[in-house]
Each structure stands twice: as C-alpha cells, then as structure tokens.
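Student: next one to model:
(one chain, ligands or ions: 1)
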Amino acid sequence: MEEEEERSLKDYVIFGIRIGVTIALILLGKLWLNEDNFPWYVNLIVMGAAYLVIAYDIIIKMFKHLFIEHEFFDECALMFLASAGAFALRAYGPEHNEYMEGVLVMLLYQIGELFEDLAADKSKDSITKAIDLRKEMARIVENGNVVDKEAEEIQVGDVLVIGAGMKVLADGIIVQGEGDIDESSLTGEFNPVHKTVGDKVNSGSILSSGSIQIRAERAYEDSTVAKLLDLIINSSERKSKSTRFIDRFSKVYTPIIMGLAILVAVIPPLIINPGDGSVWSRFIYGALSFLVVSCPCAIVISVPLAYFSGLGLASKHGVLVKGAQYFDTLNDLAYVAMDKTGTLTEGKFSVTKVSTYGVLEKELITIAATLESVSTHPIAKAIVSYAGSSNLVPCKDAVEISGMGVRGTYENKIALVGKYAFLKESGIQDLGEDQENTIYVAYDGRLIGSISLSDKVKKSAKQMVSDLKSSQITTILLSGDKAETVEKTALELGLDEWHGGLMPEEKISALESYKGKGLAFIGDGINDAPSLALADVGIAMGGLGSDAAIANADIVILNDDLHKVSEVRSVAKKTKNRAIFNIVFSLSIKAIVMILSIVAATMATWSLPLFVAVLADTGLAMAMILSSLLLSFAKPKAIN
Ligand code: AMP
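Tutor: Down below sits the predicted model:
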C-alpha cells in the first residue's frame with residue numbers, strides 16, 4: 001500500500017491469470033489430489049505451487065522491506081507469517097486442510113488489494129475523464145481547409161472551428177461568430193455565458209449554441225484544462241495528515257500484534273501443559289488466526305480512499321483541493337482572513353466617472369490604460385476595457401507595484417496610475433481629498449486626473465461570513481483599500497476584524513501571528529499570492545485561467561462563489577467523519593474476532609477456522625472500501 005504505482009491493463013490481466021491459476025490449483029488439490037488418494041506431499045506440492053503463484057510478490061516485497069529498508073513490521077510480514085504458519089500447522093495433522101488455508105490467506109488478501117486498486121483507479125478516472133481533452137479531435141483551419149488535429153498538438157495561433165455542442169479544446173480568443181459558452185465542466189455550475197468576437201474562451205468549456213472560430217492563445221500543456229488536470233492528479237498523490245497517521249499506526253500496531261500473537265502461542269500452553277503437543281498446536285493455531293484477523297488492511301485501504309473520494313466530491317462541486325491534508329486544516333479552522341476586491345466583492349469594476357485636469361479625457365484614459373495593460377488587477381482590467389484596445393500603445397517599462405498601482409513611461413515621461421497613497425508617496429502634490437473607489441493618474445510629475453469605479457459585494461459573501469461565524473471562526477478582512485471603504489464593507493458583512501490601507505507585506509505580517517493556529521486566507525490571485533502561500537490553507541477565487549491563483553493556493557474555487565467555502569468545509573468534515581467511522585468500525589470488528597480466536601484456542605472442542613478469520617478481514621476491508629467510495633455520492637451542504 002505504500003507503493004502506489006498505478007496498474008496497467010497488462011498488470012490486471014496478469015493478476016487475473018494468477019488468481020485463476022491459484023483457484024484452479026486449489027480445486028485440483030482439494031477435489032482430486034486429496035490426501036485419501038495420494039500421499040501428503042502431492043497435496044503439498046500442488047498447494048505450494050498455488051501459494052507461490054499468488055504470493056511471490058508479497059514475499060519479495062517483504063524481503064525488500066526487511067533488507068533494503070530494514071523494516072519488518074508491515075502487513076506483508078503479517079500475511080506471510082500467517083500463511084506460512086498455516087502451512088507449518090499441517091505438521092500437527094490434516095484435520096484443517098491447512099495447506100489450502102495458507103493459500104487462501106494470500107488469495108483473499110490479494111483480491112482485496114486488487115479491489116482497492118480498481119476502486120482507486122476508477123475514482124481517479126472519473127475525476128480526470130471529465131476534463132481530459134488530450135486525445136480529442138479539434139477542427140483546425142489550415143490553408144483554407146478544415147483538418148482534424150489532436151488537442152495536445154494544437155499550436156498557438158491555430159484557428160479552431162467550433163460548432164454548437166462541441167467542446168472548446170484550446171484557450172483562445174473568438175475571432176469569428178458568437179455563441180453561448182457552458183463552463184460547467186470547469187466550474188461545476190451550469191451557467192452559459194454569451195460570448196462574441198474578442199472574448200476569451202477556456203478549454204474544457206462547451207459551446208451550447210451558436211458557432212465560433214477561435215485563435216489558440218496557448219498550447220495544450222499550458223491550457224486551463226491541462227493545469228486543472230495536473231492539479232487533480234497531483235492532489236491525489238499527496239498524502240493527508242490522517243494517511244500519515246495510518247502509516248505511523250501500522251508501524252506501532254504490527255509489532256504489538258506480533259508480540260501478542262507470540263504470547264498467545266506460548267504462554268497458555270506453558271501454563272496448561274507444556275508437554276502436550278495438541279495444546280501447543282491449538283494455541284499456535286489461535287495465534288495465527290489472531291495474526292490474520294489483526295491485519296489492518298481495512299483501515300490502511302479505506303482511510304486514504306475516503307480522502308480520495310472527498311477530493312473527488314469537492315472537484316465535482318467545482319472546488320479543487322490540492323492535497324487531502326488540507327481537509328484536516330479545514331476541519332480545524334480558527335481564523336479566516338480574506339481580501340476584499342474580487343473576493344468579497346464581484347471584482348468587476350466599471351468606470352463611473354472620469355475627471356481631468358488640463359488634459360483631454362481621451363489622453364488621460366490612454367495613458368492609464370497603457371500602463372494598466374501590464375496588470376491583471378480588476379481595476380486595471382476595467383480601465384483597459386473602458387479604453388478599448390485600439391487606443392493602446394505598448395508600454396515596455398511599466399511595472400506594477402502590488403497593492404499600489406502601476407508606474408511606467410509614456411512618451412518618455414513618467415506616468416503613475418494607482419491609489420491616492422501611491423501618488424502621494426511618489427511626490428505628487430495637490431492631490432486634494434482622497435475619494436472613495438477612485439484611482440489617480442499622474443503624468444510628468446503632476447496630477448492629470450482621476451477615474452472612479454464601482455464594484456459591489458457578492459451575494460454569497462454575507463452567507464459565507466455568517467456560516468464561518470456560527471462555527472466560532474474569527475473573520476478578518478485585510479485590504480489595501482482605503483480604511484473607510486474597508487470598514488464600510490466589513491460592517492455590511494458583519495466581519496469580526498478589519499484592516500485597511502495595507503501594503504502586501506503588511507498583510508503578511510498581519511497574517512503571521514495567526515499562522516499555525518488554523519488560518520485560512522481567501523484571496524483572488526496575483527496580489528494575494530504571498531498571503532495564499534503563507535496561510536495554513538490558501539483558498540483562491542480562481543476565476544478561470546488565473547495562473548497565479550492556481551499555482552499558489554491550496555484550494556481553488558473555480559466559479560468564485562463564496563458558498564463553496566462552506567461546501568468544501570462540509571466535504572472536509574464528512575471525509576474526516578467517514579475516515580474515523582472506518583477506523584473505529586474496523587477495530588471493533590477486529591477486536592471481536594481476535595477475542596473469538598483466542599477463546600477458540602482455549603477450547604479444545606471448537607476452533608475458529610483460519611478461513612473465517614481471513615474472510616472477516618477481507619470482507620471488512622471491502623465493506624470499508626465501499627463505505628469510502630460511497631462518500632463520493634454525498635451531498636455537501638453549508639455548515640452551521
Ligand atoms: P489590492 O489590495 O491589490 O486590491 O490593492 C489595494 C489598492 O491599490 C486598490 O484598491 C487600488 O486602489 C490600488 N491598486 C492596486 N493595484 C492597482 C492597479 N493595477 N491599478 C490601479 N490601482 C491599483
């Protein structure tokens with residue numbers, strides 16, 4: 001279970017053949033070559049062959065652990081001891097058909113393993129299938145003709161023809177036509193958006209009506225879909241805190257169980273009658289059953305699988321969680337800090353007023369938009385779109401000062417666009433009063449105008465804040481915006497704490513005191529990247545194609561809907577509960593069967609067949625696997 005390589009189809013076929021051969025040999029040994037007709041060693045040879053066919057990899061693994069990693073205490077050793085012991089028991093008489101039972105121990109264990117792999121592959125598949133587009137065929141315009149090309153071969157600049165009902169196979173810009181784009185496979189929400197020439201479309205979305213041609217802006221490996229896929233695959237490979245707990249658990253559990261088994265085998269016969277071989281046999285048998293029952297595979301298999309199903313469940317609802325360990329952090333949240341613009345507010349600014357001082361409005365907007373074209377800040381996007389792209393002259397040296405604005409040269413003179421404090425610090429005089437939601441523009445050392453923009457609080461923000469507060473989580477708003485604007489938003493939403501006018505490094509130092517105490521940060525991209533990285537769990541309002549958010553956050557909410565914060569917390573809680581249920585239930589059943597096996601050993605008249613012990617173990621493992629898989633069908637709901 002520690003070597004989690006994926007099995008290929010060939011592996012499955014070989015494994016199927018091994019299982020088939022083993023069963024055939026068991027039947028041969030049991031039904032035909034049994035001890036009444038043949039000497040005992042014929043049966044031993046047949047069952048020994050069956051054993052080797054089914055168990056060789058387990059035995060190799062055990063020796064590898066022992067000699068290379070100097071570790072003996074794992075379930076391979078447990079299974080080997082139990083099955084080898086069953087063979088050894090045959091020395092005490094044929095009444096239990098121990099050779100066959102030795103083979104059965106391994107057979108059932110291997111079937112359990114196979115089942116686990118199938119289940120894990122299946123859930124991984126179902127997650128990735130929905131968005132893996134690599135081999136899908138795109139229709140590309142080439143020399144006036146339309147040709148088919150695999151999605152992974154699309155190059156930047158290729159023009160794709162997309163008809164109604166077709167999937168968009170590249171990130172690009174519409175160059176012809178219009179239509180409704182359904183982005184549900186990326187966001188989890190069915191909400192088609194009408195797009196036309198000049199609009200961006202993302203790979204993975206579907207054109208629900210209309211007909212468009214797009215020019216590819218990125219190759220497949222850089223596309224939104226490839227990044228999401230990578231995120232999902234990598235996330236399932238990271239181990240959660242609870243999984244690590246399971247690793248530690250088996251390392252302690254296995255030696256304890258082995259020690260107990262030795263005690264069961266040795267102490268009672270010494271007390272009862274050390275000279276009586278049948279007493280020894282009974283208790284060794286009891287100890288072996290005890291060993292087999294105690295194998296923790298039900299837990300080792302089902303706990304990681306529960307986390308895996310939880311990840312799948314979250315992604316089905318439009319939330320990508322980079323690693324199962326973040327579920328544990330979400331369950332222990334004490335503080336949730338958040339950004340304002342684009343996170344609590346729509347982040348879709350529109351220019352409401354332009355004031356100029358000694359320049360034409362067109363000049364002011366051109367200078368501002370030229371600088372802002374280097375930024376992805378929502379304010380920058382609004383100014384650029386207000387200007388219209390045709391007005392822009394490329395500005396090579398524009399630099400964004402995070403949380404402040406942009407500085408650059410325009411026609412050989414310095415231009416600044418950004419918040420009041422930014423211009424003031426840069427030595428611009430006569431700025432007047434700082435207006436709410438206003439960006440100031442300076443050129444050649446003097447103020448030439450201001451641009452007012454409006455943004456509104458997201459509908460889902462209030463609900464999220466009240467969900468968090470009812471879970472006794474402290475809510476904190478950290479923003480670079482003017483203190484008054486920040487306070488207004490904080491009071492409107494009922495937040496516990498708020499700090500305005502912060503520089504990105506001040507945001508970081510404000511967060512530092514909460515780090516390690518269950519801190520989440522919710523932000524929306526580039527300027528929040530350091531905070532997202534610093535927090536115990538960084539939650540990004542990914543929006544579509546926001547690379548910085550995808551790279552820096554631990555959790556990405558694809559459609560920017562804050563209800564998803566409550567949903568992913570609910571998924572985290574359900575996942576943890578399922579893992580705990582599996583652990584407690586498995587250990588209880590095991591305890592009962594272990595006690596039964598010891599009771600059986602002390603009674604001369606009744607013995608618990610080893611076979612039953614193995615079934616109780618493998619059967620339990622399967623039930624727990626099912627329990628974990630069922631989690632993928634749960635419904636996350638807001639936590640109160
Ligand atoms: P932030 O914390 O990134 O939202 O930034 C805080 C404030 O800085 C914003 O509310 C704006 O006033 C200003 N600001 C940041 N980036 C820009 C930009 N690219 N253009 C104009 N103003 C900006």
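Student: contact partners for Lys149?
Tutor: Lys149 makes contact with Met137, Ala138, Arg139, Ile140, Asp158, according to C-beta atoms under 8 Å, 6 or more residues apart in numbering. From N, CA and C alone the C-beta is placed, and that goes for glycine too.
Student: go again with 10 Å.
Tutor: Residues near Lys149 by C-beta atoms under 10 Å, 6 or more residues apart in numbering: Met137, Ala138, Arg139, Ile140, Glu142, Gln155, Asp158, Leu160, Leu169.
Student: what about the first one, distance to the ligand?
Tutor: Meaning Met137. 40 Å (C-beta to the nearest ligand atom, to the nearest Å).
Student: number of residues surrounding the closest residue to that residue other than its chain neighbours?
Tutor: Excluding its sequence neighbours, the residue lying closest to Met137 (C-beta to C-beta, 6 or more residues apart in numbering) is Asp148, at 4.6 Å. When counting by other C-beta atoms under 10 Å, one arrives at 8 neighbours for Asp148.
Student: next up, the contacts around Asp148.
Tutor: Met137, Ala138, Arg139, Ile140.
Student: sorry, back to before: just the contacts of Lys149: which are in strands?
Tutor: Met137, Ala138, Arg139, Ile140, Glu142, Leu160 (DSSP state E).
Student: tell me which of these is nearest to Tyr386?
Tutor: Checking the ones in strands among the contacts of Lys149 against Tyr386 with C-beta to C-beta, the nearest one is Leu160 at 29.7 Å.
Student: pairing partners for that closest one in the sheet, please.
Tutor: Beta-bridge pairing of Leu160, defined through DSSP bridges, involves Ile140, Ile214.
Student: what separates it from the ligand, distance-wise?
Tutor: Distance from Leu160 to the ligand, by C-beta to the nearest ligand atom: 32 Å.
Student: next one: that residue, what pLDDT does it get?
Tutor: According to the prediction, Leu160 has pLDDT 92.
Student: since we're on it, how many residues are nearby?
Tutor: 25.
Student: also Ile154?
Tutor: 23.
Student: now the contacts of Asp148: which count as buried?
Tutor: Neighbour-count burial within the contacts of Asp148 applies to Ala138, Arg139, Ile140; the criterion is 16 or more other C-beta atoms under 10 Å.
Student: for the first one, what are its contacts?
Tutor: Think Ala138. 147-154, 158, 160-162, 166-170, 203, 214, 216, 220 are the contacts of Ala138 under C-beta under 10 Å, 6+ apart.
Student: which residue is the nearest non-sequential neighbour of it?
Tutor: Nearest residue to Ala138, sequence neighbours excluded (C-beta to C-beta, 6+ apart): Leu169, at 4.3 Å.
Student: check the second one too.
Tutor: Nearest residue to Arg139 in three dimensions, chain neighbours excluded: Val161, at 4.5 Å (C-beta to C-beta, 6+ apart).
Student: give the contact list for the one you found.
Tutor: Ala138, Arg139, Ile140, Val141, Val146, Gln176, Gly177, Ser211, Ile212, Gln213, Ile214.
Student: wait, a strand at the fifth one?
Tutor: Which is Val146. Yes. Counting by DSSP: H, G, I helix; E, B strand; the rest coil, one finds Val146 located in a strand.
Student: was I right to think it contacts Arg139?
Tutor: Yes. With contact defined as C-beta atoms under 10 Å, Val146 reaches Arg139; the gap is 5.1 Å.
Student: now Val351: which helix or strand?
Tutor: strand 350-356 (DSSP states H and E).
Student: would you mind writing the CA trace of the following helix or strand past that strand as PDB?
Tutor: Proceeding C-terminally, strand 350-356 gives way to helix 361-372 as the next helix or strand, assigned by DSSP H and E. Provided in PDB are the C-alpha atoms of helix 361-372 (Å, rounded to 0.1, in the frame of the first residue of the first chain):
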ATOM      1  CA  GLU A 361     -10.300  62.600 -21.300                       C
ATOM      2  CA  LYS A 362      -9.100  60.500 -24.200                       C
ATOM      3  CA  GLU A 363      -5.400  61.300 -23.300                       C
ATOM      4  CA  LEU A 364      -5.900  60.500 -19.600                       C
ATOM      5  CA  ILE A 365      -7.600  57.200 -20.400                       C
ATOM      6  CA  THR A 366      -4.900  56.300 -23.000                       C
ATOM      7  CA  ILE A 367      -2.100  56.900 -20.500                       C
ATOM      8  CA  ALA A 368      -3.900  55.000 -17.700                       C
ATOM      9  CA  ALA A 369      -4.800  52.000 -19.900                       C
ATOM     10  CA  THR A 370      -1.400  51.800 -21.500                       C
ATOM     11  CA  LEU A 371       0.100  51.300 -18.000                       C
ATOM     12  CA  GLU A 372      -2.700  49.100 -16.700                       C
END
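Student: what residues sit buried inside helix 361-372?
Tutor: Glu363, Leu364, Ile365, Thr366, Ile367, Ala368, Ala369, Thr370, Leu371, Glu372.
Student: taking strand 350-356 as reference, get the angle to that helix.
Tutor: When axes from the mean of the first three to the mean of the last three C-alpha atoms, to 10 degrees is applied, the directions of helix 361-372 and strand 350-356 differ by 120 degrees.
Student: smallest gap between the stretch 101-250 of the chain and the ligand, at which residue?
Tutor: Nearest residue of the stretch 101-250 of the chain to the ligand (C-beta to the nearest ligand atom) works out as Lys200 at 19.1 Å.
Student: residue numbers of the stretch 251-400 of the chain in contact with the ligand?
Tutor: Counting by C-beta under 6 Å from any ligand atom, the stretch 251-400 of the chain comes close to the ligand at Thr341, Glu372, Ser375, His377, Ile379, Ala380, Glu400.
Student: swap the cut-off to 5 Å and go again
Tutor: Counting by C-beta under 5 Å from any ligand atom, the stretch 251-400 of the chain comes close to the ligand at Thr341, Ser375, His377, Ile379, Ala380.
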